[in-house]
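**Student:** just a sequence and a predicted model for now, questions to come.
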Amino acid sequence: MKKIFYLMILFFPVFLIAQTDWTILNSGTTINLNSVDFIDISHGIAVGDNGTILHTIDGGNTWEGVVSGTYNTLNDVCFINEDTIVTVGDNATILRTIDGGVSWLPITVGVYSNLISVDIDISGNGIAGGSDQTILRTDNAGNSWSITQTGYMGGGWQGTQMVDGDVGFVFGSNSIFQPFVGKTVNSGTSFSFYNFYFVQGGVFNEGKLFDGHFFDEFNGVTAGRRWDGLGCISATSDLNNWTTQHFPTPFYGIDFSTETDGYVVGENGTILHTTDGGIVWEAEDSGVYSQLNSVVFLNESLGFVVGDNGVILKKEPTFPPPENLIAIVIDYNSIIRLEWGAATRTEQRELLGYNIYFEGVLIEFVTDCPFDFYGPFAAGDYYFEVTAVYEEGESEPATVVATVVLNPPNNLILEAIPPNFILSWNAPIRGLEYYNVYRNGELEAEGLTGTMYIITEMIPGLNLFNVTAIYSGGYESGFSNDAEYWNPSDVDDTLIPINPKLLGNYPNPFNPTTTISFSVPQTSLFVTLEIYNLKGQKVKTLECGESLSTTADGVGYSIIWNGTDENNQAVSSGIYLYRLKVGNDFSETKRMLLLK
């Protein structure tokens with residue numbers, strides 16, 4: 001006898017796990033949470049087993065336990081407005097608050113069923129569903145309830161939804177284990193009922209609906225579980241014909257923020273997302289493996305999920321920051337102008353404007369760019385941040401550094417015009433009026449209104465001159481180039497021409513030794529290096545004779561100074577000047593810094 005084997009092959013939609021922005025929040029409990037609802041981006045309520053009620057006023061960042069007055073399992077919760085909230089639970093439990101969830105009062109109804117679901121429209125009309133196919137209705141925001149039906153054998157309503165003040169739905173199963181939907185068009189006074197099967201490959205599967213979302217009187221999507229534990233998402237446009245997609249895990253909650261953008265949640269931390277009204281569903285990584293029981297979305301980007309073991313998840317919107325932020329310094333140090341490209345505005349994300357931060361402190365809110373920050377400013381770097389402010393929140397900052405440069409005078413020249421000496425220079429910018437003159441690093445004249453200064457006397461030794469420019473606000477530039485004059489104490493004042501043959505020293509800064517390099521056209525000339533402090537006092541003379549080291553090109557020389565004076569005592573840290581003399585008609589001076 002031939003044996004015939006039948007092989008049943010089940011096909012499920014294939015989906016990839018998408019990386020998303022789900023964050024696990026700290027609920028402060030490990031009790032199973034069965035439902036969550038938010039009235040705005042800040043105020044939310046979660047309910048669960050053992051009469052658990054959690055309350056948040058900061059968008060879910062912190063949750064506070066509230067005394068409910070019951071140990072019955074609470075199965076569903078809904079906001080009517082910011083103050084009025086209703087939750088339902090086992091043993092006909094109905095609790096209501098009118099102070100935003102701080103205190104709760106029980107509402108008595110004439111049934112004994114477990115109440116599993118509730119939804120109340122802003123008009124105050126609402127419905128609650130429970131075991132024994134119980135349906136209750138309210139027309140005063142849950143303050144009192146009347147019985148539409150109860151006492152049926154088997155079945156029950158796991159989910160409810162008010163589309164508006166008149167149209168509402170209940171979702172569950174009937175007495176013969178069919179997915180079951182009830183519709184009211186008179187605020188729950190009476191219902192029409194529709195049963196169907198989860199059909200796959202010609203097989204009619206029994207099961208239960210746990211939640212649903214309808215967009216109007218006829219078009220909706222439901223989430224449920226087949227008799228064999230598989231998950232089902234079913235859609236209809238007339239309540240008589242249903243199309244079902246089958247998945248490996250059952251679903252317990254569904255919500256749509258628009259007619260195209262929706263989520264379902266279920267076992268093993270499953271979250272599916274659709275952006276086309278439920279035709280295609282993509283899995284998102286929740287980061288948990290607990291059963292997820294309820295989902296609510298305030299818009300396409302901001303939503304919350306609760307589940308077993310105290311799980312609360314949050315998906316936050318991503319707010320695009322301003323693009324191409326730049327800083328422009330105007331009039332040298334008078335204004336810093338910030339310019340940027342517009343941030344993204346969509347139908348679901350309303351752009352309100354921009355916050356301007358300076359050195360981490362909020363200084364201005366603007367609705368458009370550019371933004372001018374008025375000085376005047378000293379030379380340096382200034383740090384700015386610009387964020388885009390949306391109706392739902394603030395973006396990450398775009399950052400920029402504005403560098404203010406106060407250019408010094410240039411082309412400083414010292415000329416001997418007996419019996420005086422003349423300093424002259426070029427202005428760094430047009431219209432600048434004030435300058436300071438420094439001799440050997442100390443202020444000699446300030447507030448000069450021209451680009452020339454007359455010197456009537458030279459001190460013995462080194463006379464090193466610099467000029468600074470004074471900008472708006474009294475801010476001073478750095479030093480100009482050097483102009484030098486050497487006045488030997490035992491000769492008359494004569495101007496010694498400078499020939500740039502002194503190459504410099506390395507390292508600079510140094511401790512304790514540095515190598516001074518120079519080049520001379522004739523090695524037979526007498527060469528002397530003298531070290532001075534900034535007061536013009538000689539520190540040491542380095543005789544350049546046999547101690548010279550010749551460089552590779554044969555015309556460069558170097559000598560080492562070990563940071564000591566004529567008595568071979570170590571000198572202190574500071575700026576020192578070294579002067580090269582070649583014969584009787586050449587000298588040049590440079591600076592070096594000794595750091596200890």
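**Tutor:** Cool, got the structure. Residues are numbered from 1 along each chain as shown.
**Student:** where does pLDDT dip in the protein?
**Tutor:** In the predicted model, the chain carries pLDDT under 70 at residues 1-20, 343-349, 430-431, 489-501, 520-526, 544-557, 585.
**Student:** how does it divide up, domain by domain?
**Tutor:** Following the assignment in automatic domain parsing, the chain carries domains at 28-315, 323-404, 410-487, 502-594.
**Student:** now find how far off-centre the last one is within its chain.
**Tutor:** Relative to the mean C-alpha coordinate of its chain, domain 502-594 is positioned 55 Å out (CA atoms, centre = their mean, to the nearest Å).
**Student:** ranges for the helices of this structure?
**Tutor:** With DSSP state H applied, the chain shows no helices anywhere along its length.
**Student:** just want the most central residue of it.
**Tutor:** By CA atoms, centre = their mean, the chain has its centre lying nearest to Glu396, at 2.9 Å.
**Student:** quick one, phi psi at the closest residue in space to that one that isn't next to it in sequence?
**Tutor:** Spatial nearest neighbour of Glu396, chain neighbours left out: Pro321 (5.2 Å); criterion: CB to CB, 6 or more residues apart in numbering. (Each C-beta comes from the backbone N, C-alpha and C, glycine too.) Per-residue torsions, Pro321: phi -80, psi 170 (degrees, to the nearest 10).
**Student:** so who does Pro321 touch?
**Tutor:** Contacts of Pro321 were listed using CB atoms under 8 Å, 6 or more residues apart in numbering, and they are 343, 386-388, 395-398.
**Student:** most tightly surrounded among the domains of the chain?
**Tutor:** Ranked by average neighbour count under the criterion mean count of other CB atoms under 10 Å, the domains of the chain are headed by domain 28-315 at a mean of 20.
**Student:** Ile41 and Ser301 touch, don't they?
**Tutor:** No: using CB atoms under 8 Å, Ile41 and Ser301 do not qualify as a contacting pair, with a distance of 10.4 Å.
**Student:** any common contacting residues for those two?
**Tutor:** Overlap between the neighbourhoods of Ile41 and Ser301 consists of Glu392, taking contacts as CB under 8 Å, 6+ apart.
**Student:** need the domains of the chain in JSON lines with distance to Asp21, can you?
**Tutor:** Output for these, formatted as JSON lines (distance: least, CB to CB, whole Å):
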{"stretch": "domain 28-315", "distance to Asp21": "6"}
{"stretch": "domain 323-404", "distance to Asp21": "13"}
{"stretch": "domain 410-487", "distance to Asp21": "46"}
{"stretch": "domain 502-594", "distance to Asp21": "51"}
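**Student:** nearest to Trp22, out of those domains?
**Tutor:** With distances scored as CB to CB, the stretch of the domains of the chain nearest to Trp22 is domain 28-315 (5.1 Å).
**Student:** how close does Cys369 sit to Asn420?
**Tutor:** Between Cys369 and Asn420 the computed distance is 55 Å (CB to CB, to the nearest Å).
**Student:** for Asn50, that is, sorry about that
**Tutor:** If you measure Asn50 against Asn420 using CB to CB, the figure is 98 Å.
**Student:** contacting residues around Cys78?
**Tutor:** When the contact criterion is CB under 8 Å, 6+ apart, the partners of Cys78 are 37, 85-87, 118-120, 126.
**Student:** again, only using 10 Å
**Tutor:** With contacts defined as CB atoms under 10 Å, 6 or more residues apart in numbering, Cys78 is in contact with 35, 37, 39, 45, 84-88, 117-121, 126, 128, 142, 160-162, 296.
**Student:** equivalent analysis for Gly130, please.
**Tutor:** 75-76, 88-90, 92, 109, 111-118, 136, 150, 156-158, 160, 170, 172.
**Student:** correct me, but Asp331 touches Leu406?
**Tutor:** No: judged on CB atoms under 10 Å, Asp331 makes no contact with Leu406 at a distance of 11.7 Å.
**Student:** can you check which residues contact both of these two?
**Tutor:** Taking CB under 10 Å, 6+ apart as the contact definition, Asp331 and Leu406 share the neighbouring residues 376, 429, 471-472.
**Student:** out of the residues you listed, what pair is the most spread apart?
**Tutor:** Comparing every pair within the shared contacts of Asp331 and Leu406 by CB to CB identifies Pro376 and Ile429 as the most remote, at 13.3 Å.
**Student:** any common contacting residues for those two?
**Tutor:** 331-332, 406, 471.
**Student:** so Arg591 bridges to which residues?
**Tutor:** Leu577 (DSSP bridges).
**Student:** that one touches Ile531, doesn't it?
**Tutor:** No: in this structure, Arg591 is not within contact of Ile531 by CB under 10 Å, at 11.2 Å.
**Student:** got any residues that touch both of those two?
**Tutor:** Contact criterion CB under 10 Å, 6+ apart; residues bridging Arg591 and Ile531 by contacting each: 576-578.
**Student:** relative to Leu412, which of those residues is nearest.
**Tutor:** Distance from Leu412 was checked for each of the shared contacts of Arg591 and Ile531 by CB to CB. The minimum falls on Leu577, at 17.2 Å.
**Student:** from Thr528, how far off is the closest one?
**Tutor:** Shown here: Leu577 relative to Thr528, a distance of 14 Å by CB to CB.
**Student:** tell me the one among the shared contacts of Arg591 and Ile531 nearest to Gly504.
**Tutor:** Using CB to CB, Tyr578 is the member of those that sits closest to Gly504, with 9.5 Å.
**Student:** not counting its neighbours along the chain, what's nearest that closest one?
**Tutor:** If the residues on either side of it in the chain are set aside, Tyr578 comes closest to Ile531, at 5.4 Å by CB to CB, 6+ apart.
**Student:** also Asp482?
**Tutor:** Leaving out its chain neighbours, the residue that sits closest to Asp482 by CB to CB, 6+ apart is Leu464, at 5.9 Å.
**Student:** got it, and Ile326?
**Tutor:** Nearest non-adjacent residue to Ile326, counting by CB to CB, 6+ apart: Glu339, 5.4 Å away.
**Student:** for the stretch 451-596 of the chain, which segments count as strands?
**Tutor:** According to DSSP state E, counting those that start in this stretch, the stretch 451-596 of the chain carries its strands in the segments 452-455, 461-470, 483-487, 502-506, 514-519, 527-533, 538-544, 549-550, 556-561, 574-582, 586-594.
**Student:** equivalent analysis for the stretch 201-350 of the chain, please.
**Tutor:** 203-205, 207-214, 220-226, 231-236, 242-247, 251-256, 262-266, 271-274, 282-284, 292-297, 303-307, 312-315, 323-330, 335-341.
**Student:** any chance of these in JSON lines with distance to Leu352 as columns?
**Tutor:** Written out in JSON lines, the entries for the strands of the stretch 201-350 of the chain read as follows (distance: least, CB to CB, whole Å):
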{"stretch": "strand 203-205", "distance to Leu352": "50"}
{"stretch": "strand 207-214", "distance to Leu352": "30"}
{"stretch": "strand 220-226", "distance to Leu352": "33"}
{"stretch": "strand 231-236", "distance to Leu352": "36"}
{"stretch": "strand 242-247", "distance to Leu352": "39"}
{"stretch": "strand 251-256", "distance to Leu352": "26"}
{"stretch": "strand 262-266", "distance to Leu352": "27"}
{"stretch": "strand 271-274", "distance to Leu352": "27"}
{"stretch": "strand 282-284", "distance to Leu352": "28"}
{"stretch": "strand 292-297", "distance to Leu352": "21"}
{"stretch": "strand 303-307", "distance to Leu352": "22"}
{"stretch": "strand 312-315", "distance to Leu352": "22"}
{"stretch": "strand 323-330", "distance to Leu352": "17"}
{"stretch": "strand 335-341", "distance to Leu352": "15"}
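**Student:** do you know which of these lies nearest Tyr485?
**Tutor:** Nearest to Tyr485 among the strands of the stretch 201-350 of the chain is strand 323-330 (36.3 Å), distances taken as CB to CB.
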